[in-house]
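Chemist: Need coordinates for the following:
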Amino acid sequence: MLKSFLHPLKALFYPQNCPICDNILQSDEAFICLTCETQLPALPYTIFDKNPIEKLFYNNVPINGATAYLSFVEKGSAQKLIHQIKYNGAKNLAHLMGTKAANHMVRIAPAYIPEVILPIPLHFSKEKKRGYNQAQLIANGFAEVYGLQQRKKIVSRHKATPSQTKKSRYERFNNIKDAFIVLKPEAIMNRHVLVLDDVITSGATTSALCAQVLKHQPKSICVYALAYKV
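Modeler: Reported below is the predicted structural model:
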């Protein structure tokens, strides 16, 4: 009762703003205003339709399918959301977007049921500095929709790598090569595995992790991202 009483007072003195349009959120809006939520740039690709995202992995790793929830463009809504998640500590927003992403997957691929969700891990030094792994938070929301219990430390990033942002496609693949190891092979063997990231650009990071996962005989391996940089 006290919590329900204090919530309007908190909203009055510390109003929350929509991370996309910056308008003040109303009492019935959670993290994103309803207008921006209805205008999120959802991609039309299903997970098995040989879309541009899946084509990033051709000649690199033999995955079974790939897709993403939102289109990522400069100064667009997806970029603003991910900036809040990665750099402004918006953990609840990350979880919310994970649930929205999972519901998107249910709509576009109702027959696909992942058994294991592997968020792209951060090197421990970067995760310690940031305080969390944004892909893990998104994956937690994703797993909640599918009723999956998230197991931690199935895979690890044992190699700290420089930022990929200003590197060419070739440099990205060389930069991230052999950065990951599988700590619990039994957790992925003979299971449908979904590798999940916040943003896919070149596919280099995701390819590097998929290559390690494939060594341990998953039943299938697919890739999903909150956003795809077009």
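
Chemist: averaged over its residues, what pLDDT does the lengthiest helix in the chain have?
Modeler: In the chain, assigned by DSSP state H, the helix with the most residues is helix 91-108. For helix 91-108, the mean per-residue pLDDT is 96.

Chemist: Going forward, count from 20.
Modeler: Happy to do that; since the first residue is 20 now, the last one works out to helix 110-127.

Chemist: Tell me which helix or strand comes right after it.
Modeler: Later in the chain than helix 110-127, the nearest helix or strand by DSSP states H and E is strand 135-138.

Chemist: List the contacts of Y247.
Modeler: Counting by C-beta atoms under 8 Å, 6 or more residues apart in numbering, Y247 touches 62, 71-72, 87, 89-91, 218-219. C-betas here are computed from N, CA, C, even on glycine.

Chemist: out of the residues you listed, who's nearest L53?
Modeler: Ranked by distance to L53 (C-beta to C-beta), the contacts of Y247 are led by L89 at 17.0 Å.

Chemist: what's around G150, how many residues?
Modeler: A total of 8 residues lie near G150 under the criterion other C-beta atoms under 10 Å.

Chemist: That one against A109, yeah?
Modeler: No: applying C-beta atoms under 8 Å as the test, G150 and A109 come out as separate, 11.9 Å apart.

Chemist: Mark out where each domain of the protein begins and ends.
Modeler: With automatic domain parsing as the criterion, the domains of the chain are listed as 20-58, 59-248.

Chemist: quick one on the thing from earlier: by neighbour count, which of the contacts of Y247 wins?
Modeler: The member of those that has the most neighbours, counting by other C-beta under 10 Å, is A87 with 29 neighbours.

Chemist: Residue ranges in the chain under the pLDDT threshold?
Modeler: Counting by pLDDT under 70, the low-confidence segments of the chain come to 20-33, 181-191.

Chemist: in it, which spans are helices?
Modeler: Secondary structure of the chain by DSSP H: the helices cover 21-32, 53-57, 71-74, 96-106, 110-127, 143-149, 153-165, 188-195, 223-233.

Chemist: related to what we said a few turns ago, most neighbours per residue, which of the domains of the chain?
Modeler: Comparing the domains of the chain on average neighbours per residue, with mean count of other C-beta atoms under 10 Å, the densest one is domain 59-248 at a mean of 18.

Chemist: can you give me the end-to-end distance of that one?
Modeler: Length of domain 59-248, first residue to last, C-alpha to C-alpha, to the nearest Å: 14 Å.

Chemist: And stretch 71-82, by the same measure?
Modeler: Length of stretch 71-82, first residue to last, C-alpha to C-alpha: 14 Å.

Chemist: And for stretch 138-156?
Modeler: OK, stretch 138-156 end separation, C-alpha to C-alpha: 9 Å.

Chemist: starting at the chain centroid, how far to it?
Modeler: Distance of stretch 138-156 from its chain centroid, counting by C-alpha atoms, centre = their mean, to the nearest Å, is 12 Å.
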